[in-house]
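Below: sequence and its predicted model.
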Amino acid sequence: MPESVTLEVGGRTMVIETGELAKQANGSALVRYGDQNVVLCAVTASAKPREGIDFFPLTCDYEEKMYAAGKIPGGYIKREGRPSEHAVLSSRQIDRPIRPLFPDGFRNDVQIIATVLSIDPQLDADVLAVCAAGAALAVSDIPFEKTVAAVRVGRDEHGAFICNPTMPEYETGGMDIVVAGTADAVMMVEGGGNEISEEDFLGAVEFAHGEIKKIVTAIDKLAKKTAKMKREFPVQAVDADLDKWVRKTFAKDVAKAMRVIEKQEREAAFATLSRSEAIARCTKKDDAILALLSNPANKDFDKIIKSMEEDELRTMVVDEKIRPDGRKTDEIRPIWSKVHYVPRVHGSGIFQRGQTQVFTAATLGSIGDRQRLDGIMDISEKYYMHYYNFPPYSVGEARQMRGPGRREIGHGHLAERALVPVLPKREDFPYTIRVISEVLESNGSSSMASVCGSTLSLMDAGVPISDHVAGIAMGLVLKGKKHAVLTDIQGLEDALGEMDFKVAGTTKGITAVQMDIKVTGITIDIMREAMEQAKKSRLFIINKLKETIDKPRTELSEYAPRMIIVQIPIDKIKDVIGPGGKMINKIIEETGVAKIDIEDDGKVFITSLDGESGDKAKKMIESLTKTIKVGEIYTGVVTRILPIGAFVQISPGKEGLVHISQLAAQRVGKVEDVTAVGEEMTVKVMEIDERGRLNLSHKALLAGGDDSHNDSHDSRPPRRESRPFEPRREAPRNDAPAPSHEAAPQGDALPTRRRRTRRDGGGHDD
């Protein structure tokens, strides 16, 4: 029987179980939440450490199974393949709060796999995966310092915080923040909001931490009953004598290299502090040191140098109040930006901050260009996409180019989240928007530079965003009980510091945040200090962006498509599409528009490369869907001629009969004498019969004409009524109303002519 604990979280019951599933793993846990969500997490570790590495080999995977939502994958392939973007982001959310809590020196391969077995598509299971991972590690024999859990925070319509809201709830409340932590401190924050204030953000984090403590307490209670003995592992301690010798020999070199301002020059300076240089500095008294340095399997020298770099950074920043590039702790690097950098794209911008440079391009597309999603969450499409690319040349490297990794996907999503709150409503700007950020140079905070570049490119493209959005990355350096918060961290400060806290927003508030740390947690007070510095920096950067472009352009690029919206009755959608798409394809072909998209609510989106073709398509659609009324006047085209009259098409798919007696004010002996197929004719709708057939008149619009259907060719008495002419024909099409009189037979067959007798005994062919 499994062991379990039960608690209430966010108004729902959470059950954490272990001991029944995945028992061959080092540890496993099942989390049930609410009525539908079930997540299984299994953790395994290799028996021996991996040799020759100086990092912790941890892999985290979030497995989305379509059966969990009662779905079968779309497309030709019915087996789940590569992870979705949501799965990648959820995997990162498991990894980031857990990685810092493994002990230093642990080099065994660890794999964490969280599988979604069942899900409420309106309630994201990503935070449950973090809780399941924390529980699985707690009950396993894998060394792990503190129990981890996570929750999501939203707000209700009154502004009160909600724990683990549904998607509609956090969309309505304008807040979606994921917080992970231990019982003592916060480990990770990820999310965004609709321009929320710093105090609201910190309040959400504090609220989340209170819920996290409850979950951690429950997991620890479960672990006391079921946990295995934590395994011992070899710690590769640095040789004490070598550590002492290297620190003494290279102390001045490290201090000097750390104070080189330019990144490439600094890296070149550190490159001289090599093992070969250390060997060259050995004297005859250093035989034991020389033996250690000469052993290629010994990695202690590089570890010591890195430790010296970290110590020197702490001394500089905390004690001397100066950073490696000479800046103060709250100083931003020089900023340069430009819009419309290249001509052909719809919108472009360059943003550079220090040695980080990003080019961003914005492309506008039709509604049909939206991204369609096939996942377990109740999100089917996206109209705004942001992709982030990090080529190797941006950091001066030469390596293979492959598809985007988890880091690129995560940074693109963060930039996307930052811009969503300022985008126009779809009904006001019905375009699909795709933004690409190309990192051309990188020395820290390229994701936040992408946010700034995106603001420039969107405004250059004429997208009416409501405000400028800027981003900044904050860092943290700890030395004992003292600390320093750094504004606009560069790569070295990110690598050697304790925190990477990215904050993006407008002048009104925060739109996106992401915080990662390398220690066992930070306090709310440190976060508050970082938020205050981030706000000042954000406002400073926004002013710089305004100097480049102060508002969105009022005109779209000449290369951007034009979008026209037409609202039609829902029951007319079939008329615009036509059988097999025949009518809509005809409109596209005749007008030259790029695309026509029709939504279920009757909105028709016409995408054209010029206004003329779009206007022409709009008129055709309006004509096609317009309700024809008796007494209205139309200009149409003669499509067929019969002895009894001419058929005139007054709108696409709609035609009526102009009887021979209604073609002219004078008597017409033969229809071909007054009109021909293809000629235009202005007509008036005289009658719509019970079958929807149209009787038209050209005579009623002429001087001396009237609205009568009687033959006015002479003054003789009116003819006696007889059955109307009804030749044999094929069944009428479903996509067009039946004409007022039947069409002639197909092929060479001619209708039988019937003689109608006048009352005076004479007669003529009618």
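Arrived safely, thanks for sending. Keep in mind that what you see is a predicted model, and the values were worked out from it rather than measured. Numbering: from 1, shown residues only.

Quick check: V127 touching R152?
Yes. Counting by C-beta atoms under 8 Å, V127 does reach R152; the two are 5.1 Å apart. From N, CA and C alone the C-beta is placed, and that goes for glycine too.

So for the longest helix along the chain, what gets flagged as buried?
Criterion DSSP state H: the longest helix present in the chain is helix 198-226. Neighbour counts over helix 198-226 (16 or more other C-beta atoms under 10 Å) mark 198, 200-201, 203-205, 207-209, 211-212, 214-216, 218-220, 222-223, 226 as buried.

Next, the contact list for the closest residue to K321 other than its chain neighbours, please.
Closest residue to K321 apart from its sequence neighbours, by C-beta to C-beta, 6 or more residues apart in numbering: T329 at 6.6 Å. Residues counted as contacts of T329 (C-beta atoms under 8 Å, 6 or more residues apart in numbering) are V317, K321, R323, A484, V485, L486, T487.

Is T329 part of a helix or strand, or is it coil?
What DSSP: H, G, I helix; E, B strand; the rest coil gives for T329 is coil.

ok, back up a step: just the buried ones out of the contacts of T329, please.
V317, R323, A484, V485, L486, T487.

secondary structure element for the fifth one?
When secondary structure is defined using DSSP states H and E, the element that contains L486 is strand 482-487.

contacting residues around that strand?
By C-beta under 8 Å, 6+ apart, strand 482-487 touches 317-318, 321, 323, 329-332, 472, 474-477, 493, 497, 526, 529-530, 533-534, 537.

So what's the gap between stretch 147-161 and the chain middle?
Here the centre of stretch 147-161 is set off from its chain's centre by 22 Å, with C-alpha atoms, centre = their mean, to the nearest Å.

and the residue nearest to V469 when sequence neighbours are not counted, how many neighbours does it have?
Among residues not flanking V469 along the chain, T455 sits closest, at 5.0 Å (C-beta to C-beta, 6+ apart). Residues lying near T455 (other C-beta atoms under 10 Å) number 33.

on that earlier part again, from S274, how far out is the residue nearest to K321?
31 Å (C-beta to C-beta, to the nearest Å).

Walking through the stretch 151-300 of the chain, point out its helices one by one.
167-173, 198-226, 240-258, 263-271, 275-281, 287-294, 300-314 (DSSP state H, counting those that start in this stretch).

Now the fourth one - C-alpha only, CSV.
Output in CSV follows, covering the C-alpha atoms of helix 263-271 (Å, rounded to 0.1, in the frame of the first residue of the first chain):
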residue,chain,number,x,y,z
LYS,A,263,35.4,41.3,-22.3
GLN,A,264,37.8,40.0,-24.9
GLU,A,265,40.8,41.5,-23.3
ARG,A,266,39.8,40.2,-19.9
GLU,A,267,39.3,36.7,-21.3
ALA,A,268,42.7,36.9,-22.9
ALA,A,269,44.2,37.9,-19.6
PHE,A,270,42.6,34.9,-17.9
ALA,A,271,43.8,32.6,-20.7
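
tilt between it and helix 300-314?
130 degrees (axes from the mean of the first three to the mean of the last three C-alpha atoms, to 10 degrees).

how far does helix 263-271 sit from the chain's center?
Computed by C-alpha atoms, centre = their mean, the chain-centroid distance of helix 263-271 equals 38 Å.

Hey, what's the angle from that helix to helix 240-258? Just curious.
Counting by the same axes, to 10 degrees, helix 263-271 lies at 160 degrees to helix 240-258.

how close does the nearest residue to L478 once chain neighbours are set aside get to V420?
Nearest residue to L478, sequence neighbours excluded (C-beta to C-beta, 6+ apart): E498, at 5.3 Å. Between E498 and V420 the distance is 30 Å, computed by C-beta to C-beta.

More neighbours: which of the two?
Each of E498 and V420 has its neighbours counted (other C-beta under 10 Å); E498 has more, 18 against 15.

Hmm, the residue nearest to L478 is touching V519, no?
Yes. Assessed by C-beta under 8 Å, E498 is found in contact with V519 at 5.0 Å.

Need the residues touching each of the two.
L478.

ok, so what distance separates the closest residue to I305 other than its chain neighbours from F250?
Closest residue to I305 apart from its sequence neighbours, by C-beta to C-beta, 6+ apart: L273 at 5.8 Å. Per C-beta to C-beta, L273 is found 6 Å from F250.

Give me the common contacts of these two.
I305.

how many neighbours does M531 have?
By other C-beta under 10 Å, the residues close to M531 number 21.

The one 3 residues further on now?
The burial metric for A534, expressed as a neighbour count using other C-beta under 10 Å, is 26.

which ones are touching it?
Shown in contact with A534 (C-beta under 8 Å, 6+ apart): I472, M474, T487, F501, V503.

On the pLDDT front, check R728 for me.
pLDDT for R728: 39.

again, but for the one 10 residues further on
Here, the pLDDT recorded for A738 equals 43.

now swap in S715 and tell me
32.

change the start of the numbering to 5 and stick with it
Okay, using 5 as the starting number, the last item reads as S719.

The spatially most central residue of the chain: what's it in contact with?
Central residue of the chain (C-alpha atoms, centre = their mean): M389, 4.1 Å from the mean position. Going by C-beta under 8 Å, 6+ apart, M389 touches Q375, E420, T436, I437, R438, V439.

What residue, apart from its backbone neighbours, is nearest G351 spatially?
That would be A465: by C-beta to C-beta, 6+ apart, it lies 2.5 Å from G351.

Run through the residues that contact that neighbour.
Contact analysis of A465 by C-beta under 8 Å, 6+ apart lists H350, G351, A366, T367, L368, P556, R557, L560, S561, A564.

how about TSV for those, with secondary structure added?
Formatted as TSV, these follow (three-state DSSP):
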residue	secondary structure
H350	coil
G351	strand
A366	strand
T367	strand
L368	strand
P556	coil
R557	coil
L560	coil
S561	coil
A564	coil
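
Now, of those, which are buried?
H350, G351, A366, T367, L368, P556, R557, L560, S561, A564.

wouldn't the fifth one be in contact with P565 here?
Yes. If you go by C-beta under 8 Å, L368 and P565 touch, sitting 6.3 Å apart.

Check the contact lists of these two and give me the overlap.
What both L368 and P565 touch, as defined by C-beta under 8 Å, 6+ apart, is the set Y435.

picking up where we left off before, quick one: the residue nearest to K325 from I526, how far?
16 Å.

does A650 sit in a helix, a strand or a coil?
On the basis of three-state DSSP, A650 is classed as strand.

got the contacts of A538 as JSON lines, with pLDDT and distance to E626 columns?
JSON lines is the format used below for the contacts of A538 (pLDDT from 0 to 100; distance: C-beta to C-beta, whole Å):
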{"residue": "I476", "pLDDT": "97", "distance to E626": "50"}
{"residue": "M478", "pLDDT": "96", "distance to E626": "55"}
{"residue": "T491", "pLDDT": "96", "distance to E626": "56"}
{"residue": "F505", "pLDDT": "95", "distance to E626": "54"}
{"residue": "V507", "pLDDT": "97", "distance to E626": "48"}
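
how long is stretch 663-672 from one end to the other?
10 Å (C-alpha to C-alpha, to the nearest Å).

Just the buried positions in it, please.
Quick answer for stretch 663-672 (16+ other C-beta under 10 Å): H663, I664, S665, Q666, L667, A668, A669, V672.

what pairs with V362 across the strands?
Beta-bridge partners recorded for V362 (DSSP bridges): F355, V443.

Go ahead and confirm it touches Y345.
No. Counting by C-beta under 8 Å, V362 does not reach Y345; the two are 11.3 Å apart.
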